[in-house]
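Asker: next come a sequence and a model predicted from it.
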Amino acid sequence: MLQVARKTFGYAELRPGQLDAIMSLLAGQDTLVVMPTGWGKSAVYQIAALLLEGPTVVVSPLISLQRDQVASLLGRTGMTAASANSSQSRSDQAA
């Protein structure tokens, strides 16, 4: 997990709670991460997604956060991401 965090995102270390949350996700458990703004909640899901097979779905009510996360992931080599939300047309959501 730390190797993925370092190699993909440039993190020197994980913050308290991140490792436990990632391990929970990798164990197939539903996981709710509650941390202060800027503490790396998105990193938890992104790191776990890279270690799991298949697609990962992250539900976020914040459209601006969705946009930021998709843009960040698309900027990394070999990563794909998409969002679907109420600001998009039905045809965009379907695509």
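Answerer: Thanks, I have the structure now. For clarity, every value in this text was computed on a predicted model and none was experimentally measured.
Asker: helix or strand next in line after the lowest-mean-pLDDT helix or strand in the chain, which one?
Answerer: Taking mean pLDDT, DSSP states H and E as the measure, the chain has helix 63-74 as its least confident helix or strand, at a mean of 80. Later in the chain than helix 63-74, the nearest helix or strand by DSSP states H and E is helix 90-94.
Asker: roughly how far out does that next one sit from the chain middle?
Answerer: In terms of Cα atoms, centre = their mean, to the nearest Å, the centre of helix 90-94 is found 22 Å from the chain centre.
Asker: low-confidence stretches in the protein?
Answerer: Along the chain, the parts satisfying pLDDT under 70 run over 77.
Asker: can you name every helix or strand that the least confident helix or strand of the chain contacts?
Answerer: With contacts defined as 3 or more Cβ pairs under 8 Å, 6 or more residues apart in numbering; DSSP states H and E, helix 63-74 has these neighbours: helix 41-51. Just so you know, the C-beta spots here come from the backbone N, C-alpha and C atoms, and that holds for glycine as well.
Asker: thought Arg15 was touching Gly40, still the case?
Answerer: Yes: contact between Gly40 and Arg15 holds when scored by Cβ atoms under 8 Å: they sit 5.4 Å apart.
Asker: which of these two has more neighbours?
Answerer: Per other Cβ atoms under 10 Å, whichever of Gly40 and Arg15 has more neighbours is Gly40, with 20 against 15.
Asker: what's Phe9 in contact with, if anything?
Answerer: By Cβ atoms under 8 Å, 6 or more residues apart in numbering, the contact list for Phe9 reads 43, 46-47.
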